[in-house]
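Peer 1: The following comprises the amino acid sequence and a computationally predicted model.
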Amino acid sequence: MLRIYTIIAILGIIGTMGVTDSMVTYASSDDDDDDENNRDPLNEACYRSGFNDAEQSKPYNQTAFSQCGVNDRAYYEGFISGCIVGQGMEYFACNQIAK
């Protein structure tokens, strides 16, 4: 009986290692990042504006979001990040505020 539990435990550990390895592999993928856009000063300004608004518990600023033009996701992503960091809320709650 002890042998069966030992085998089950070993298989569980091996299975967990395989799943963890896959998760780390996918999480570290950087294929779809647009490095050119990340260095854009307007992109940084929009992100920082959204981050600061949310961190200081200001409401989502639709005007600032619209003024970001091609970088429209930068304000939104900054706002979500600032909400999580500044207000300690989870992503889904912050996303509701941003709507």
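Peer 2: On my side now, so go ahead.
Peer 1: Going by C-alpha atoms from here, please, whenever you check contacts or count neighbours.
Peer 2: Noted.
Peer 1: which SSE is A74 in?
Peer 2: If you go by DSSP states H and E, A74 is part of helix 72-87.
Peer 1: which secondary structure elements does that helix contact?
Peer 2: If you count contacts as 3 or more C-alpha pairs under 8 Å, 6 or more residues apart in numbering; DSSP states H and E, helix 72-87 packs onto helix 41-55, helix 62-67, helix 91-97.
Peer 1: The spatially closest residue to C46 that is not a sequence neighbour - how many residues pack around it?
Peer 2: Spatially, and ignoring its direct neighbours in sequence, C46 is nearest to Y75 (4.7 Å; C-alpha to C-alpha, 6 or more residues apart in numbering). By the criterion of other C-alpha atoms under 10 Å, Y75 has 29 neighbours.
Peer 1: ok, for S81, nearest residue in space, not its chain neighbours?
Peer 2: F51 (6.1 Å).
Peer 1: just the helices and strands packed on helix 72-87: most buried one?
Peer 2: helix 41-55 (a mean of 20; mean count of other C-alpha atoms under 10 Å).
Peer 1: Could you check the angle it makes with helix 72-87?
Peer 2: Angle, helix 41-55 to helix 72-87, by axes from the mean of the first three to the mean of the last three C-alpha atoms, to 10 degrees: 30 degrees.
Peer 1: So which residues make contact with helix 41-55?
Peer 2: 37-38, 59-61, 64-65, 68, 71-72, 74-87 (C-alpha atoms under 8 Å, 6 or more residues apart in numbering).
Peer 1: any idea how far the residue nearest to C46 is from F92?
Peer 2: In this view, Y75 and F92 are 17 Å apart by C-alpha to C-alpha, to the nearest Å.
Peer 1: what do you get for K58?
Peer 2: The gap separating K58 from F92 is 17 Å, by C-alpha to C-alpha.
Peer 1: just C46 next, same as before
Peer 2: 21 Å.
Peer 1: Alpha carbons only: can I get stretch 84-99 in PDB?
Peer 2: Taking C-alpha atoms only, stretch 84-99 is exported to PDB below (Å, rounded to 0.1, in the frame of the first residue of the first chain):
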ATOM      1  CA  ILE A  84      -4.000  47.600  -9.000                       C
ATOM      2  CA  VAL A  85      -0.900  49.200  -7.500                       C
ATOM      3  CA  GLY A  86      -2.500  52.300  -6.000                       C
ATOM      4  CA  GLN A  87      -5.800  51.000  -4.800                       C
ATOM      5  CA  GLY A  88      -4.900  47.400  -4.200                       C
ATOM      6  CA  MET A  89      -7.800  46.200  -6.300                       C
ATOM      7  CA  GLU A  90      -7.800  43.200  -8.600                       C
ATOM      8  CA  TYR A  91      -7.800  43.400 -12.400                       C
ATOM      9  CA  PHE A  92     -11.500  42.700 -12.900                       C
ATOM     10  CA  ALA A  93     -12.600  45.400 -10.400                       C
ATOM     11  CA  CYS A  94     -10.200  47.900 -12.000                       C
ATOM     12  CA  ASN A  95     -11.500  47.000 -15.500                       C
ATOM     13  CA  GLN A  96     -15.100  47.800 -14.300                       C
ATOM     14  CA  ILE A  97     -14.000  51.200 -13.200                       C
ATOM     15  CA  ALA A  98     -12.400  51.900 -16.600                       C
ATOM     16  CA  LYS A  99     -15.600  51.200 -18.500                       C
END
